[in-house]
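Participant: Structure, please.
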Amino acid sequence: MIKKSRSFLIFIIITAIILLNMPILVNSDNEVSLNCKSALLMEASTGEIIYEMNPHDKLEPASVTKIMTMLLTMEALENGRINLEDKVTISRNASKMTGTCLLLEEGEIRTVNDLLIGIAVESANDASVAMAEHIAGSEEEFVRMMNDKAKELGMADTQFKNPHGLHEEGHITSAHDIAVMSRELLKYEKIFDYISIYMTKVTVGNKNYLVSELANKNNIVIFYDDVDVIKTGFTENAMYCISATAKRNNLRFISVIMGAPSTGSRNNDARKLLDYGFANYSTYAVGKKGDVIKTIEVLKGNKNTVNAIIENDVNVLIKKGEEKQIEKQVLIPEKISAPLSKGDKLGEIVVIKNGETIQSIPIVSQEDVSKASFFNNIYKAIRYWLGD
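Facilitator: Residues are numbered from 1 along each chain as shown. Sure, this is the predicted structure:
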């Protein structure tokens, strides 16, 4: 009898472990049960919020702060202010950082690429300060840039005090704002070369001694082959935080968890939200970047026609099963007068669901069309009368 009881108990424990680690498919009409202070699920291409819990609560983000540090780094790389091979001399300020670090030494020279790996994979505080100083000249100026960018993105719940996320009074953000800056970061395709790294080796120190392999702090990748780590974070004040993203087919979600009691709870909650999104939503493709919607006749122009195109890929987020409820209307004139500039709005595609407009997508001119000159008009008239 005792053996049977033990066997039954072992069976219950094993079953519980399996169930806890299985992806949870949640019906979209049901509440998602989470064990954290704040959470949000966003679809990346549209920015639409699918699930939220206390989304604007102002909380400490710990190292999730480094999403903004990486965003400003990618922005500086794109506009040519810095280069991946730039050599960065480590300052005393950076070398004195505490917490998770690469153990960079004062006077040591590292590349921007090295520092970006350190920030994305190891969540290194010293690398974050070194990058901040390289981009802005000082940590204080970089923090000003962080707050300016937050304001630009509409992150009204956010006030940054440092580029790394260690506890500092007044250093706060929200699940909503983390999702917003995560979405902005993911627009830079190059960032996936860093946030998707699971393990790597780095050398640090003036004598280039080898540090043991760096392992990405987000072990949620063990459960998801398609998850890219954006950033994790922990301090005693912030507790366990995460911003994670996953993509299946053309659908990408951003899952944000703040104030979870443990690593396991944080990862499990992030996984629940991603599963919830993939189980219940899909995207309806309206059009792709550069698609020619119509060729329009141009009046009084140096060209007779212009292509009306979509500027960017356009997808509409819908619940699964709603595909048949979607229709498109193209509103565009047959003719238009010159002059036109590339990108000028010529019309729009209206996406309708159940008779209600859910999105309007501008259709724009593919190129410049100048107003025809006097001689150009004479030439056109001659061709017309000759039947050419």
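Participant: Show me which positions of the helix or strand encompassing residue 74 end up buried.
Facilitator: Using DSSP states H and E, residue 74 sits in helix 66-78. Residues 66-77 are the ones in helix 66-78 that count as buried (16 or more other CB atoms under 10 Å). All C-beta spots, glycine's among them, are computed from the backbone N, C-alpha and C.
Participant: go on, stretch 297-306?
Facilitator: Neighbour-count burial for stretch 297-306 [16+ other CB under 10 Å]: 298, 301-302, 306.
Participant: Residue 346 is in contact with residue 333, isn't it?
Facilitator: Yes: if you go by CB atoms under 8 Å, residue 346 and residue 333 touch, sitting 7.4 Å apart.
Participant: Looking at the two, which has the bigger crowd around it?
Facilitator: residue 346 (21 against 12; other CB atoms under 10 Å).
Participant: strands paired with the very next helix or strand once past the helix holding residue 74, and their directions?
Facilitator: Per DSSP H and E, the first helix or strand lying C-terminal to helix 66-78 is strand 87-89. Here strand 87-89 has these sheet partners by DSSP bridges: strand 109-111 (antiparallel).
Participant: Which neighbouring elements make contact with whichever helix or strand comes after the strand it pairs with?
Facilitator: Remark: after strand 109-111, the chain's next helix or strand is helix 112-117, criterion DSSP H and E. Contacts defined by 3 or more CB pairs under 8 Å, 6 or more residues apart in numbering; DSSP states H and E place helix 112-117 against helix 66-78, helix 125-136, strand 199-204.
Participant: Please identify which of the ones you listed is closest to residue 157.
Facilitator: Closest to residue 157 of the helices and strands packed on helix 112-117 is helix 66-78 (CB to CB; 13.2 Å).
Participant: And the strands in the stretch 201-350 of the chain, which stretches?
Facilitator: In the stretch 201-350 of the chain, the strands defined using DSSP state E, counting those that start in this stretch lie at 209-215, 227-235, 239-248, 251-260, 281-287, 292-299, 305-309, 314-319, 326-331, 335-337, 345-353.
Participant: Domains of this protein: list them as residue ranges, please.
Facilitator: 27-282, 288-385 (automatic domain parsing).
Participant: Output the below-cut-off pLDDT ranges for the stretch 51-200 of the chain.
Facilitator: Within the stretch 51-200 of the chain, the stretches with pLDDT under 70 are 199.
Participant: rewinding a little: can you lay out the buried residues of helix 66-78 as CSV showing distance to residue 126?
Facilitator: Output for these, formatted as CSV (distance: CB to CB, whole Å):
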residue, distance to residue 126
66, 12
67, 18
68, 17
69, 12
70, 15
71, 19
72, 17
73, 15
74, 20
75, 22
76, 19
77, 20
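Participant: Appreciated, that's everything.
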